[in-house]
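Participant: Build me a structure from this.
(one chain, ligands or ions: 1)
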Amino acid sequence: MNVLFSPANLGPLTLRNHLVMAPMTRSRAAGNVPNELMVEYYEQRSTAGLIITEGTSPSPNGLGYPRIPGVFSCAQTEGWKAVTGAVHRKGSKIFLQLMHCGRIAHRLNMPEGARIIAPSAVAASGEMYTDNEGMQSYPVPGEMSEEDIRATIEEYAQASRSAFIVGFDGVELHGANGYLIEQFIRPNTNLRTDGYGGTIENRARFMLEVVEAVAGAIGRERVGIRLSPFGVFNDMPLYDAMEEEYAYLAQELNKTGLAYIHLVDHSSMGAPVVPDSIKETFRREFKGTLILSGGYDAEQAESDLAAGKCDLIAVGRPFLANPDLVERWKTGAPLNEPDMSTAYSPGPKGYIDYPTLEG
Ligand SMILES: Cc1cc2nc3c(=O)[nH]c(=O)nc-3n(C[C@H](O)[C@H](O)[C@H](O)COP(=O)(O)O)c2cc1C
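Facilitator: Below you'll find the predicted structure:
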């Protein structure tokens, strides 16, 4: 494990190792406000080189799921300040994942006055969980006006400024898994006929404008983006031009000079396999840091890093279930298995009570 556990660079930051904790929604933020339980959860996992937080909404309109945090009110930023302080005291770095859910939302999960908006008025098929009324069909979102687009981009910028002020080392834009940015990129959810729809150049515009606004707010070296080429989560079907279009995104993102691209591969969770060719395309076209994620164990992480396939490896479920994952991977100790029944449940059970090697 020569590479995995050695220090790494990420823009201006030095990470203590090449291991990143992948963003994971855990739905413990009652009232959408980060709390002491969350401080403890992130602190426990602060041996990762970099922690990327759970998806966090830049605005009331972006809150789609129950109990996910935001970063737009004073209570929320104060809550996050306690998280970043705890993580930094333990010697780790932390990026905030900005997730605007767009159409993947339900009014029962949103505060009064929030609007469910998306590039086009196309509902996702299927249902989502609400605390008060159980499973509910996805609604038809409102089509964003150009004014909505401008306001939403400003929300991302403001959220990034707030994140930076309360100690985050940077932000990751959630451009994957069927949320707002991907809803603009993909042709099934973007039926617009203005400058934000139609060709891939137009469908990429929202993402690139968000990147520019956030880079302008906190510096491009502190901004990353997560993408899921060949991802189908949240009713995002595959289509013929996908590989070509994501190659274009890689080229355009390279021009922005942002710190990293983080690619998702959910084939270990039953999603279609992400071809190696697309990962190679991103490696070739993007000169910043490339993070790969999905289904990694220590051996595969070391082997992909050593082969130069990427610069950092992000790991989700093993970190969820093993607060001391770094120690366990270093020593070859057995791992706790994640209990998915408590992945999104309120309270400490299945959240901060996974045992460490020390007990
Ligand atoms: C409980 C849970 C919540 C997740 N929430 C998010 C999220 O908020 N944002 C995101 O980009 N990915 C999310 N993911 C995906 C993970 O970041 C990661 O890509 C996935 O778990 C595959 O990596 P793994 O095989 O190492 O677990 C989530 C995954 C899990 C298991």
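
Participant: Helix, strand, or coil at Tyr248?
Facilitator: Here Tyr248 is recorded as helix under DSSP: H, G, I helix; E, B strand; the rest coil.

Participant: got the contact list for it?
Facilitator: Applying C-beta atoms under 8 Å, 6 or more residues apart in numbering to Tyr248 gives the contacts 200-201, 204. Every C-beta, even on glycine, is put in place using the N, C-alpha and C of the backbone.

Participant: between those residues, which is nearest Phe95?
Facilitator: Nearest to Phe95 among the contacts of Tyr248 is Ala204, at 22.3 Å by C-beta to C-beta.

Participant: Could you count how many residues lie near that closest one?
Facilitator: By the other C-beta atoms under 10 Å criterion, the neighbourhood of Ala204 contains 21 residues.

Participant: Please apply the same query to Arg161.
Facilitator: By the criterion of other C-beta under 10 Å, Arg161 has 16 neighbours.

Participant: State the phi and psi torsions of it.
Facilitator: Dihedral pair for Arg161: phi -60, psi -50, per degrees, to the nearest 10.

Participant: That one - nearest residue in space that isn't next to it in sequence?
Facilitator: Leaving aside its chain neighbours, Arg161 sits nearest to Ala217 (4.9 Å; criterion: C-beta to C-beta, 6 or more residues apart in numbering).

Participant: Would it be right to say that the one you found lies in a helix?
Facilitator: Yes - according to three-state DSSP, Ala217 belongs to a helix.

Participant: so it makes contact with Ser162?
Facilitator: No - with contact defined as C-beta atoms under 8 Å, Ala217 does not count as touching Ser162 (9.5 Å).

Participant: tell me the pLDDT at the residue in the stretch 201-350 of the chain that the ligand sits nearest to?
Facilitator: The ligand sits closest to Gly316 of the stretch 201-350 of the chain, with a gap of 2.8 Å, by C-beta to the nearest ligand atom. Gly316 carries a pLDDT score of 98 in this model.

Participant: likewise the one 3 residues further on?
Facilitator: Confidence per residue is given as pLDDT, and for Phe319 that number is 98.

Participant: what's the spatially closest residue to it that is not a sequence neighbour in contact with, if anything?
Facilitator: Leaving aside its chain neighbours, Phe319 sits nearest to Met21 (4.6 Å; criterion: C-beta to C-beta, 6+ apart). Residues near Met21 by C-beta under 8 Å, 6+ apart: 45, 48, 50-52, 314-316, 319.

Participant: export the residues you listed to a markdown table and tack on neighbour count and secondary structure?
Facilitator: Formatted as a markdown table, the contacts of Met21 follow (neighbours: other C-beta atoms under 10 Å; DSSP: H, G, I helix; E, B strand; the rest coil):
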| residue | neighbour count | secondary structure |
| --- | --- | --- |
| Arg45 | 21 | coil |
| Ala48 | 26 | coil |
| Leu50 | 27 | strand |
| Ile51 | 25 | strand |
| Ile52 | 27 | strand |
| Ala314 | 24 | strand |
| Val315 | 22 | strand |
| Gly316 | 22 | coil |
| Phe319 | 24 | helix |
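
Participant: circling back: isn't the residue of the stretch 201-350 of the chain closest to the ligand right next to Ser293, touching?
Facilitator: Yes - between Gly316 and Ser293 there is a contact under C-beta under 8 Å: 6.9 Å.

Participant: what sits in contact with each of the two?
Facilitator: Counting by C-beta under 8 Å, 6+ apart, the common neighbours of Gly316 and Ser293 are Ala22.

Participant: quick revisit: report the separation between the residue nearest to Phe319 and Gly113.
Facilitator: Distance of Met21 to Gly113, given as C-beta to C-beta, to the nearest Å: 34 Å.

Participant: Got the phi and psi for the residue of the stretch 201-350 of the chain closest to the ligand?
Facilitator: According to degrees, to the nearest 10, Gly316 has phi -100, psi -90.

Participant: tell me the contacts of it?
Facilitator: 21-24, 293-294.

Participant: which among those gets closest to Val122?
Facilitator: Of these, the one sitting nearest to Val122 (C-beta to C-beta) turns out to be Pro23, at 25.2 Å.

Participant: Sticking with that closest one, tell me its helix or strand.
Facilitator: Under the criterion DSSP states H and E, no helix or strand holds Pro23.

Participant: At the contact with the ligand, which residues of this protein appear?
Facilitator: 22-25, 54-55, 97, 99, 174, 176-177, 226, 264, 266, 268, 293-296, 315-318, 343 (C-beta under 6 Å from any ligand atom).

Participant: Show me those that map onto strands.
Facilitator: Among these, the residues falling in strands (DSSP state E) are 54-55, 97, 174, 226, 264, 293, 315.

Participant: need the helices for the protein, in chain order.
Facilitator: Applying DSSP state H to the chain gives helices spanning 36-44, 74-89, 146-165, 180-185, 200-203, 205-218, 242-256, 276-285, 298-306, 317-321, 325-331.

Participant: Out of those, which is the most enclosed?
Facilitator: Highest mean neighbour count of the helices of the chain: helix 180-185, a mean of 27 (counted as mean count of other C-beta atoms under 10 Å).

Participant: now the contacts of Tyr248 in JSON lines, with distance to Glu78?
Facilitator: Supplementary listing: the contacts of Tyr248 in JSON lines, determined by distance: C-beta to C-beta, whole Å:
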{"residue": "Ile200", "distance to Glu78": "41"}
{"residue": "Glu201", "distance to Glu78": "41"}
{"residue": "Ala204", "distance to Glu78": "35"}
